[in-house]
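>>> Sequence first, predicted coordinates after that:
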Amino acid sequence: MADFTAEVFQNEFLPDGGTDVHAIVRVTSTGASAGASGAGAVGLADPGSAAEVILIDTSGSMGRRGVAAAGEAAKAALAEIVDGTLFSIVSGNGTAQIIYPYSHQGALVPMSSHTRGEANRAIEGLRANGGTAMGTWLTLARQIFETVPHVTKRHAILLTDGVNEGETPASLQAAVRSCVGAFQCDCRGVGDQWRVDEVRGIASALLGTVDLIPAPEEMAAEFRSMMRASMSRGIASSELRVWVPQGAELLFVKQVSPTLEDLTSRRTAVNPLTGAYPTGAWSDESRDYHVAVRLPARTLGQEQLAARVQFSLGGDPVAQALVKAKWSNDDSLTTRIDPAVAAYTGQAELATVIQEGLAAKAAGQDDVATSKLGRAVQLAGMTGNDEMTSRLRKVVDIDDADTGTVRLKKGASKIDEMSLDTASTKTSRVRR
Amino acid sequence: MTDTPTTGSPQPEATAPATQAPSRTCRACGTANPAESSFCEACGADLVVLNAPAFPGGTAGDLAGGAAADGTAVSDGTLLASATPQTAPAGEESPLDVGWTGAVPSAVVPPAPADDDLLCRVCGQGHIVDGYCDQCGSPPPDPRDHFAEAPAAWVGGVCDIGRRHARNEDAMSLSATEAPGSRAVLVVCDGVSMATDSHIASLAAAKAARSVLDQPFPKGVGTPDAWAAAAGRALTVAVASANEAVAECVHEDVPNPPSCTIAAAVVEDDVVVAGNVGDSRVYWLPDASEQPALQLGRDDSFAQEQMVAGVPRVEAENGPHAHSITRWLGKDAPDDLTPHLTTLQATPGWLMVCSDGLWNYCSEAEDLRTLLREAAARLQQSGAHESGAHESGAHESGAHESGADESAAHKSGAGDPATRAINASTAAGTTATPTPTALAQALVDFANEQGGRDNITVALARLAGRGSTTSEATAAAAPMEGDPIDG
């Protein structure tokens, strides 16, 4: 059986009149990995309770080489799918069609050596042609998953190489919204012709990851690892529940590790004081959440519970952390900022300024871009995020990292900017 | 503490389901619900729990304006009693002049929840889960922060954290026999806040002293002098015992070993003996205005030394080191711990033992007597008002009882027919006289309203004076400054 623990990192002391409480809640699962615990006992011992859909971009821009590489990537992913798992392969361009299973077999078939072979042969028939309308792909995926309502763990991989066209942004948004809660979707963009913010919007809403695959040849390895990660998730769906006291305001709930994800707007009310935030499928892993609560100030010496953060499966809380507030006039207690809160606050700001800086650069606002990316360099230096510093270095020339003095690099490649953009939301784990 | 007031909604606690109007008002949000509702339709609050008597209505601070000894108690849906213990018709007399005929019997212990141990005492809506209220997030109040004792109908006290301190380092220990004026022990200790664990030390000291003083004094040859000598010896032993108890609280060498003051008074057949070390005080506040109100004994404080040197009281007690005490109990106590002793033949009046949390705001004995009279008058008025309100079935908003007094009502056996009969008869044409506990609470509320800068403890005993014939009483009322040793 999977075990979950929740730890809280915070400075519970508030100064006289202080109102805002910040805490990092770390949720860690053990025994949640589908492969690790044999029979699993987590409800996924039966691979038939999981379904996978692979969405492959076959628009004209993919070209013969791109489609061939995507096909190889799909085959690599198929090789990772555990026998018995339901699966389907969708080819997407201006419209979407299931290329496997064949129409008489239904929308999904259980994986076996036979079906895997048939699927591999179907993939050989893919040809590049037409436009890119990702909304139609997602809608088809949702319809596929809806044929198996009893399946709890539903996951898709979406591959694209270009900008969404042939449908309005609004219709893509509507399609994405219709898929929220229906399945999770990891998204990958290949090359430098796709838009990071567009694809990130899909992945974020569908509780998945987004990343850049620089060249078609690298797709197979990426698909393999994505599918392996999905197969390892033994917990189908979960949610974070956050209670705050009457009269308090929940400022935000963010996932801050392994990636940044603002969950605040995804709240569904459990009761007037408690909101639930979907957190998707889990493997053996650890995720950090930043919770910020604004309380009416109490008198010095008083204490109260500021938030109760629960991790729940199927509505049952399995782990809980208590966020507290104590008012004190001892400055040595109240002025200390918890290191985890400080580190993640810095990383969140880093992600924001990188994305805003790149957007400004794309819009031709070089002065804004220089100032934002300069701040990013400064933050990356302050938080010791060397990986981000080296990514930034490909986009800007750094004159002085401490003051954030930078110049936009003249010959910065699009792919370097995109890789900086996709990497911006990946945070480095704060150690305790 | 009164930091989290309840809403100003109509007060449903006085309403028993059996006699209820066709609406059940939610105490949380004020919405009127159908009488049979279990939960509020507007806010979802549990009306059964919320309207139960164990719900601590208001906080302690509301008591002064509320029913002091309200007999209404609903525990199982039955109207148990609506009578209020009362005395002779109010007239124009001061309640102190009327004399003591209070009738709330038996002991009061710190709030004892009858229906729901987990109901939050701060907001009254939520329940304690994992140590915090699931509505307002407050932890349950530490019972050490506020407690009341009422060992007999004529003796009671309240020990309160105040408004500004994080810990209640005051302590109180009371005992009394049933018959008014027969025998009572009142001990108050004030822990020194700069020291470690003074809240533990002060309580240990108070209990140790009380257990010594609980032993009846040897009568000797039966003369007043012999009694005074025996009483003085007992008080000296009690202080020594308290001192040992404080010293025992230290398990290892700490830079600031705990220490505390002590003020104790014993009543034996309407004779009072009082003693103190430090700046906690015993006051004698006689009803008769022609008799002076007195502080019995004197402070061991820098302020006292200044006053002896001629500095006026107001100036001395507000000076820079006014609260520095010159003698205390504890591991580092001075060698001479002989208490300042006073003996006194009681006339009708109030014996008070208190910490500086109260007298900081009202130091002169005469002022304190005035304060006590005013508080008693207020309590009596609101008691009478309450009584009328109950009889007419109306509900007064803002009239809450403290949890302590509600549990007193429970424990008084208000439900048994005999008590009900008594209450009913006293209710017939009389008004309420405040209990010592209610009066002590009113004085604690006063100190909190003034700022509550320190912990506050007030213990009171109501003395009627034996025979209380005027001439005899007046003659005996002059205190005999015992002090044979204290020179």
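Structure's in. What do you need?
>>> Please, which helix or strand holds whichever residue of the stretch 351-487 of chain B sits closest to chain A?
Relative to chain A, the nearest point of the stretch 351-487 of chain B is residue B:452 (10.2 Å; CB to the nearest CB). The C-beta positions use only the backbone N, C-alpha and C, and glycine is treated the same way. Using DSSP states H and E, residue B:452 is not contained in any helix or strand.
>>> same deal with residue B:342?
Under the assignment here (DSSP H and E), residue B:342 is part of strand B:340-345.
>>> still on that earlier bit, the residue of the stretch 351-487 of chain B closest to chain A - how many residues pack around it?
Neighbour count of residue B:452, defined by other CB atoms under 10 Å in any protein chain shown: 24.
>>> list the contacts for it?
The contact partners of residue B:452, by CB atoms under 8 Å, 6 or more residues apart in numbering or on different chains, come to B:160, B:162, B:163, B:164, B:357.
>>> cool, and residue A:319?
Residue A:319 neighbours (CB under 8 Å, 6+ apart): A:4, A:5, A:6, A:27, A:310, A:311.
>>> how is chain A carved up into domains?
For chain A, automatic domain parsing gives the domain ranges A:3-36+A:237-336, A:47-232, A:340-423.
>>> As a markdown table, those domains with mean pLDDT would be great.
Listed next are the domains of chain A as a markdown table, based on pLDDT from 0 to 100:
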| stretch | mean pLDDT |
| --- | --- |
| domain A:3-36+A:237-336 | 93 |
| domain A:47-232 | 94 |
| domain A:340-423 | 93 |
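>>> just the residues of the stretch 1-150 of chain B that are near chain A, which are they?
Residues of the stretch 1-150 of chain B that fall close to chain A, judged by CB under 8 Å from any CB of the partner chain: B:3, B:44, B:123, B:125, B:130-139.
>>> ok, now with 6 Å
B:3, B:132, B:135, B:136, B:137, B:138, B:139 (CB under 6 Å from any CB of the partner chain).
>>> wait, the fourth one sits on residue A:245?
Yes. A contact is recorded between residue B:136 and residue A:245 when judged using CB atoms under 6 Å, the distance being 5.1 Å.
>>> These two: which is more packed in?
Higher neighbour count among residue B:136 and residue A:245: residue A:245, with 24 against 20, using other CB under 10 Å.
>>> Can you pull the residues of the stretch 151-300 of chain B lying near chain A?
Contact residues (CB under 6 Å from any CB) of the stretch 151-300 of chain B with chain A: residue B:166.
>>> residue ranges of the strands in the stretch 151-300 of chain B, please?
Using DSSP state E, counting those that start in this stretch, the strands of the stretch 151-300 of chain B run over residues B:155-160, B:170-176, B:183-190, B:259-260, B:262-268, B:271-277, B:281-286, B:294-296.
>>> can you put those strands in TSV and add distance to residue B:202, mean neighbour count and mean pLDDT?
Shown next, in TSV, are those (distance: least, CB to CB, whole Å; neighbours: other CB atoms under 10 Å in any protein chain shown; pLDDT from 0 to 100):
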stretch	distance to residue B:202	mean neighbour count	mean pLDDT
strand B:155-160	10	30	97
strand B:170-176	4	26	96
strand B:183-190	4	29	96
strand B:259-260	4	32	92
strand B:262-268	9	28	96
strand B:271-277	13	27	95
strand B:281-286	15	25	96
strand B:294-296	21	22	95
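>>> State the distance from whatever residue of the stretch 201-350 of chain B ends up closest to chain A to residue B:366.
Residue nearest to chain A within the stretch 201-350 of chain B: residue B:256 (16.8 Å; CB to the nearest CB). Remark: distance between residue B:256 and residue B:366 (CB to CB, to the nearest Å) = 37 Å.
>>> How about the residues of the stretch 201-350 of chain A by chain B?
When proximity is defined as CB under 6 Å from any CB, the stretch 201-350 of chain A approaches chain B at A:245, A:246, A:299, A:301, A:303, A:304, A:305.
>>> count of neighbours near the third one?
As a burial measure, residue A:299 scores 13 neighbours (other CB under 10 Å).
>>> Repeat that for residue A:269.
9.
>>> what sits against it?
Residues in contact with residue A:269 (CB atoms under 6 Å, 6 or more residues apart in numbering or on different chains) are residue A:275.
>>> Next one: it from residue B:445, what distance?
Taken as CB to CB, the span from residue A:269 to residue B:445 is 40 Å.
>>> now swap in residue A:362 and tell me
67 Å.
>>> just residue A:213 next, same as before
Distance of residue A:213 to residue B:445, computed by CB to CB: 72 Å.
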